[in-house]
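Chemist: here is my input; please provide its structure:
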Amino acid sequence: MAGQQDATSIADFEKSLDELETLVRNLEQGELSLEQSLTAFERGVKLTRACQQALKSAEQRVEQLVEKSDGALETRPFSPDDAD
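Modeler: Numbers count the residues shown, from 1 in each chain. Alright, predicted model coming up:
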């Protein structure tokens with residue numbers, strides 16, 4: 001069931017990102033009324049926050065596979081400092 005929830009979260013993230021990109025394009029075109037622009041901006045802020053939360057959640061789930069000195073493999077939480 002967790003796999004299905006992960007797939008749903010990914011789909012929700014991608015849908016939100018697509019909608020956000022559409023909102024940005026519409027705002028950049030400058031053809032919306034002030035009221036429409038404000039509504040689009042408010043929706044964009046909500047979508048941005050949702051996307052940031054989804055990315056933070058995904059980051060917390062990422063693990064890296066590490067080879068220990070004896071050749072055995074283990075997983076541990078990913079740390080950006082380990083990427084260097």
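
Chemist: can you map out the helices along this protein?
Modeler: Applying DSSP state H to the chain gives helices spanning 2-29, 34-61.

Chemist: where among those is the average confidence lowest?
Modeler: The weakest mean pLDDT among the helices of the chain belongs to helix 2-29, with a mean of 84.

Chemist: tell me what that one is packed against?
Modeler: Contact partners of helix 2-29 among helices and strands, from 3 or more CB pairs under 8 Å, 6 or more residues apart in numbering; DSSP states H and E: helix 34-61. Yep, even glycine has a C-beta here, placed from its N, CA and C like the rest.

Chemist: number of nearby residues for the spatially closest residue to A50 that is not a sequence neighbour?
Modeler: Excluding the flanking residues, the one nearest A50 by CB to CB, 6 or more residues apart in numbering is S16, at 5.3 Å. Counted with other CB atoms under 10 Å, residues neighbouring S16 total 17.

Chemist: what's the neighbour count on L23?
Modeler: Counted by other CB under 10 Å, the residues lying close to L23 total 21.

Chemist: in contact with it, which residues?
Modeler: L23 is in contact with A40, R43, G44, L47, counting by CB atoms under 8 Å, 6 or more residues apart in numbering.

Chemist: select only the buried ones of the residues you listed in PyMOL?
Modeler: Listed next is the PyMOL selection for buried residues among the contacts of L23, using 16 or more other CB atoms under 10 Å:
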select buried, resi 40+44+47
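
Chemist: contact partners for the closest residue to P77 other than its chain neighbours?
Modeler: For P77, the nearest residue in space outside its immediate sequence neighbours is E63; the separation is 5.8 Å by CB to CB, 6+ apart. Neighbour list for E63: T75, R76, P77, F78 [criterion: CB under 8 Å, 6+ apart].

Chemist: mind redoing it with 6 Å?
Modeler: For E63, the contact set (CB atoms under 6 Å, 6 or more residues apart in numbering) comprises T75, P77, F78.

Chemist: using CSV, lay out the helices of the chain together with distance to G71.
Modeler: As requested, the helices of the chain are arranged in CSV below (distance: least, CB to CB, whole Å):
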stretch, distance to G71
helix 2-29, 30
helix 34-61, 26
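
Chemist: looking at these, spot the one closest to E67.
Modeler: Closest of those to E67 is helix 34-61, at 21.4 Å (criterion: CB to CB).
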